[in-house]
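Peer 1: Generate a structure from the sequence data that follows.
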Amino acid sequence: MAVISFKTLNNNVQDAISMGKFPEKNLRELSANLKASQKKEFKFMIIFVAIMAVFIGGLFGYILYSNPVEVQEHLLGWILGYLGIIAIILLGIYLTQIGIIRGQFNIALREGYPELYKELKL
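Peer 2: Residues are numbered from 1 along each chain as shown. Here you go, the predicted model:
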């Protein structure tokens, strides 16, 4: 069975940031750590989606090669479906690994430290 994991900000940290009670030095360190982590996650996401695109493209190519007459009539639909699947995979990975924690941190930062928002936002 597959498990989908979501990266989220710790509730206590999020509450402390949004109330303005998180130490500024630690906030800067947390922002830098999250930026570095998200850069690494983004690279991983691009590599994973590229591998999936090649795999799915190879599968579609094999199906096209096996039934050239039947598939050529619907080739545009196949291509759009392929691009749609890749976009859904990309969006899903982005939201679960980067988007949720980025949104939580930025919203809490805007509420608790509006003067540091432009400098520390993700």
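
Peer 1: so how many other residues sit close to residue 33?
Peer 2: Residue neighbour count, defined by other Cβ atoms under 10 Å, stands at 10 for residue 33. Every C-beta, even on glycine, is put in place using the N, C-alpha and C of the backbone.

Peer 1: any idea which element it lies in?
Peer 2: Assigned by DSSP states H and E, residue 33 falls within helix 24-66.

Peer 1: where's that helix relative to the chain centroid, distance-wise?
Peer 2: Centre-to-centre, helix 24-66 and its host chain are 7 Å apart (Cα atoms, centre = their mean, to the nearest Å).

Peer 1: Quick check: chain neighbours aside, which residue is closest to the residue nearest the centre of the chain?
Peer 2: The structure's the chain has its C-alpha centroid closest to residue 94; by Cα atoms, centre = their mean the separation is 1.1 Å. Computed as Cβ to Cβ, 6 or more residues apart in numbering, the closest residue to residue 94 that is not its neighbour in sequence is residue 45, at 6.4 Å.

Peer 1: Let's see the pLDDT reported for the one you found.
Peer 2: Predicted confidence (pLDDT) at residue 45: the value is 89.

Peer 1: Where does the prediction get shaky in this structure?
Peer 2: For the chain, the stretches flagged by pLDDT under 70 are 1-2, 70-72.

Peer 1: Phi, psi for the nearest residue to residue 109 once chain neighbours are set aside please.
Peer 2: Of all residues not flanking residue 109 in the chain, residue 117 sits nearest, at 5.4 Å (Cβ to Cβ, 6+ apart). Backbone torsions of residue 117, given as degrees, to the nearest 10, read phi -60, psi -50.

Peer 1: residues contacting the closest residue to residue 34 other than its chain neighbours?
Peer 2: Of all residues not flanking residue 34 in the chain, residue 122 sits nearest, at 5.7 Å (Cβ to Cβ, 6+ apart). Contacts for residue 122 (Cβ atoms under 8 Å, 6 or more residues apart in numbering) come out as 31, 34, 35, 38, 101, 102, 105, 106.

Peer 1: Right, I'll leave it there.
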